[in-house]
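S.K.: Okay, predicted coordinates and the sequence, questions at the end:
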Amino acid sequence: MLISDVVHDSTAETAGIAAGDIITDFDTKQVCMALAAHTRFEPGQRLSTSSLTVSFLVPVTAGPVLGEGSVIERGRPVVFLEAVLHDREGRDCAHASSMGSIRART
C-alpha cells in the first residue's frame, strides 16, 4: 500500500526536522500498515496493534514523503506488518514493523 503526504514546516521541530510522532503516525499503524492490513481482512474485522517498533534512519525535513506498507504474514488471530517511509529523494527515512491482533468490530 503506497501513501503520499507532505511534511509541512508547521509540523517540524528545531532545524526544520519533522517530529518523531508525526513520522510514526504516518509510517505505521495509523496509515500505511493499517491500510495494508485491511486489504486482507474480512468484512467486520479491525486491527488492534499489539507491538510496534520504529527505526528512524535519517531526519525528515519539510516536503513530500512516500510511505509503503505491506503485510508480511496474516494468520488467523494476528497480522505481521512492515512499512518504509521515503523522502523526496527516495531515501529510506524510517522503517517500522508491527504485530496486530485481528478483532471483530463491536
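M.R.: Perfect, thanks for sending it.
S.K.: what residue ranges in this protein are flagged as low confidence?
M.R.: Under the criterion pLDDT under 70, the flagged ranges of the chain are 8-17, 19-30.
S.K.: What ranges does it have for its helices?
M.R.: 20-27, 34-38 (DSSP state H).
S.K.: quick one: the strands in the chain?
M.R.: 2-7, 45-56, 63-74, 78-86, 92-104 (DSSP state E).
S.K.: For Ala18, which of those is the nearest?
M.R.: Across the strands of the chain, Ala18 has its closest neighbour in strand 2-7 (4.7 Å, Cβ to Cβ). (Each C-beta comes from the backbone N, C-alpha and C, glycine too.)
S.K.: List the buried residues in the closest one.
M.R.: 3, 7 (16 or more other Cβ atoms under 10 Å).
S.K.: Identify all contacting residues around it.
M.R.: The contact list for strand 2-7, computed with Cβ atoms under 8 Å, 6 or more residues apart in numbering, reads 18, 22, 26, 31-32, 35, 60-69.
S.K.: Mind doing that once more with 6 Å?
M.R.: 18, 26, 31-32, 60, 62, 64-68 (Cβ atoms under 6 Å, 6 or more residues apart in numbering).
S.K.: That strand pairs with which strands?
M.R.: strand 63-74 (antiparallel) (DSSP bridges).
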